[in-house]
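> Sequence plus the predicted model coming up.
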Amino acid sequence: MNENETSNAWEHEMTNAFDRRVRDLHEAPLSFDRVRGTATKIRRRRRAAVAGGVLAVAAVIAPVAVVAGNSLGNDTGTIAPATQTPAPTVAPDVDPSPVGVPFLSASTLTLPDGTTFRMPAADYTVAAVLGDQVVGYRNENGDGTVDVIDQTGIVQSFQTTSAMVVSASGETVAFMTDAEELITIWDGGQRSLGTSFGEYSSAAAITGGPSCDTDECRVYVNPGDFETAPIVVEGDGTRTTVVPDTLKVQDVIETSEGDLVSLQVSYSGTGSCSAVFAADTQEQIFDTCDYYIQAISPDAEHLLVSSSYGDGLGLSFFAVIDLQGAEVARYAPEGGFISQLAWEDAGAVVATVYDGAGWRIVRQPLVGGLSDAVGPIQGSEGAAEVYLP
Amino acid sequence: MSKHDRQAAKQSAKDAEFTAYLQARQPSLLRTAYLLTGDRHTAEDVLQTSLAKLYLAWDKVRDRDSVDAYVRRIMVNENNSLWRRGWKKREHAAEVLPEPDPHHDEYDDGRDAALWEVVQSLPPKARAVVVLRYYEQMSEAETADALGISLGTVKSQCSRAIAALRERVPADLHPGQES
């Protein structure tokens, strides 16, 4: 036989062998109820992932309808072992990034100084550089995974039920595993801060650090059931209620007088109320039911807010208000929506936006007009092409 | 009819449609899952998760002719994912489920067992390629499309699988060597 005939013969043999292997398998062991039961569990897990995801939303009444590009249902599938190292691919003297906070796009994590890191796959939505390692979060069909990546590829993976969070300094990450264990990782170390946090719990924010071993580190945890108040977990594992009778931590910043926390305090069919508290004293500093507080500015002078009622894909607008509630800036995309929001610095906000045809990162300063920072990158509304980790 | 009644009726119709699909296609999908995973227990787990995800997406899979392809794609992803997690070893080490008794033809001389051993040793992605290509009898282009990989990858994975068979199946069991 020549080469072609030999190959064809093996292909034929393989077909026959497969067929013979399974030809007596005629069973249908799965009932509809069993499949539906599994579907219910998956749906719950996905909702938990949404509730703890980067794009936290105001409308808890319809959580799955709000997220765009949080990779739920992303069927891009499997990840190859890293062929690129996470070492910087750009020399330190390159131009700075167009965005003052890290962002992810097309498998590349770009830091504000312009340094870029190649991720082993395109489906990471959160990432942080911790020394000579990169830690990334991805979500495949509702299953979250945190990968620790070094120059040899993925060296450690954790299954999670919700997204990873990164501290404001970018030096510490935290996440909840599917075994309800709260894990923190920083350059040179990792530490479990305890287990049994509840089925829907998720890490919401980290302050302090960078080490959760030797430094003072605090991880804010959302129970996710919208009944129990959020807790803060210290480096030694001590758990304390952040503010009683609140529902969810949205954002935390560190100040010289302690942490400031924005919390969702209630929800109803018409919207949510949220407020800013001083974590140490539980004193309420600001509250609103007109908006949903997304993030506190680094100087604690302004709040980044969106609609108090989220009822669709993403956010229809964002605004910046001062602590008297007056709007100082506002942006509402026409024919699209806003996915993620972040303070670039005390003077500007950046957001990922779908404009009907593609994805962009826009910058809205407190003084001045909106501008494009990245993009547009062609893509669909269901899968974001840019992320603000 | 109230809004609630309309929603209930819609849900009921969806469940009936899905149940009919389940009854009609489950044995065939289980066979594919078995070939992808290599053991019966994992095959059932992979199939169960994949069908659950199909159920959740049932309204979105509008082209009913493409449902099997959709499920196959999920099964492949699920199996790859389990393999990556090392899940099978952790979860099922102490459990025993009956494996299907492979059909033995009178003329079977051990080639099937040797070939199956080689196929089982392939990484899950490569195995998915050969299962879809040679069991499901998909074309190279269809296989590439179903797995979301390039045509070149399909060709190279098939070529490597056949090279492995030639190398590792005893020479006296090679096709054309029948006595």
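Yep, that arrived.
> now what about stretch A:215-225, what contacts it?
With contacts defined as CB atoms under 8 Å, 6 or more residues apart in numbering or on different chains, stretch A:215-225 is touched by A:48, A:51-52, A:162, A:172, A:174, A:176, A:182, A:184, A:193, A:197-212, A:229-235, A:242, A:248-249, A:252, A:259, A:261. Using the backbone N, CA and C atoms, a C-beta is placed for each residue, glycine as well.
> any idea of the mean pLDDT in it?
Taken as a whole, stretch A:215-225 has a mean pLDDT of 89.
> From start to finish, how long is that stretch in a straight line?
30 Å (CA to CA, to the nearest Å).
> tally of neighbours for residue 163?
Using chain A here. Neighbours of A:A163 under the rule other CB atoms under 10 Å in any protein chain shown: 29.
> Wait, chain B was what I had in mind.
B:A163: 12 surrounding residues under other CB under 10 Å.
> Next up, the contacts around A:E13.
With contact taken as CB under 8 Å, 6+ apart, A:E13 is in contact with B:111, B:115, B:165, B:175.
> Kindly supply the PyMOL command isolating those of those residues that are buried.
In PyMOL, a selection of the buried entries from the contacts of A:E13 looks like this (16 or more other CB atoms under 10 Å in any protein chain shown):
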select buried, chain B and resi 111+115+165+175
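> need the helices for chain B, in chain order.
Secondary structure of chain B by DSSP state H: the helices cover B:3-37, B:40-56, B:67-85, B:87-92, B:111-121, B:124-130, B:140-147, B:151-168.
> got TSV for those helices, with mean pLDDT too?
Formatted as TSV, the helices of chain B follow (pLDDT from 0 to 100):
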stretch	mean pLDDT
helix B:3-37	86
helix B:40-56	90
helix B:67-85	77
helix B:87-92	39
helix B:111-121	86
helix B:124-130	88
helix B:140-147	82
helix B:151-168	88
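> any chance of the ones you listed in TSV, with distance to A:D225 too?
Shown next, in TSV, are these (distance: least, CB to CB, whole Å):
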stretch	distance to A:D225
helix B:3-37	25
helix B:40-56	22
helix B:67-85	27
helix B:87-92	27
helix B:111-121	43
helix B:124-130	36
helix B:140-147	39
helix B:151-168	44
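> Can you add distance to chain A and give those helices back as CSV?
Formatted as CSV, the helices of chain B follow (distance: least, CB to the nearest CB, whole Å):
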stretch, distance to chain A
helix B:3-37, 4
helix B:40-56, 4
helix B:67-85, 4
helix B:87-92, 9
helix B:111-121, 5
helix B:124-130, 6
helix B:140-147, 8
helix B:151-168, 5
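> Just the C-alphas of stretch A:314-333, formatted as CSV.
Extracted in CSV, the C-alpha atoms of stretch A:314-333 (Å, rounded to 0.1, in the frame of the first residue of the first chain):
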residue,chain,number,x,y,z
GLY,A,314,-25.1,47.2,30.6
LEU,A,315,-25.6,50.7,31.8
SER,A,316,-27.4,53.4,29.9
PHE,A,317,-25.4,56.3,31.4
PHE,A,318,-22.9,57.2,34.0
ALA,A,319,-22.4,60.5,35.8
VAL,A,320,-20.0,62.0,38.3
ILE,A,321,-21.6,63.8,41.3
ASP,A,322,-20.1,65.7,44.1
LEU,A,323,-20.9,64.9,47.8
GLN,A,324,-23.9,67.3,47.6
GLY,A,325,-25.4,65.2,44.8
ALA,A,326,-24.8,67.7,42.0
GLU,A,327,-23.7,66.3,38.7
VAL,A,328,-20.4,67.6,37.3
ALA,A,329,-20.2,65.2,34.3
ARG,A,330,-22.4,62.8,32.5
TYR,A,331,-22.1,60.4,29.5
ALA,A,332,-24.9,58.4,27.8
PRO,A,333,-23.9,56.5,24.6
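> Cheers, nothing more for now.
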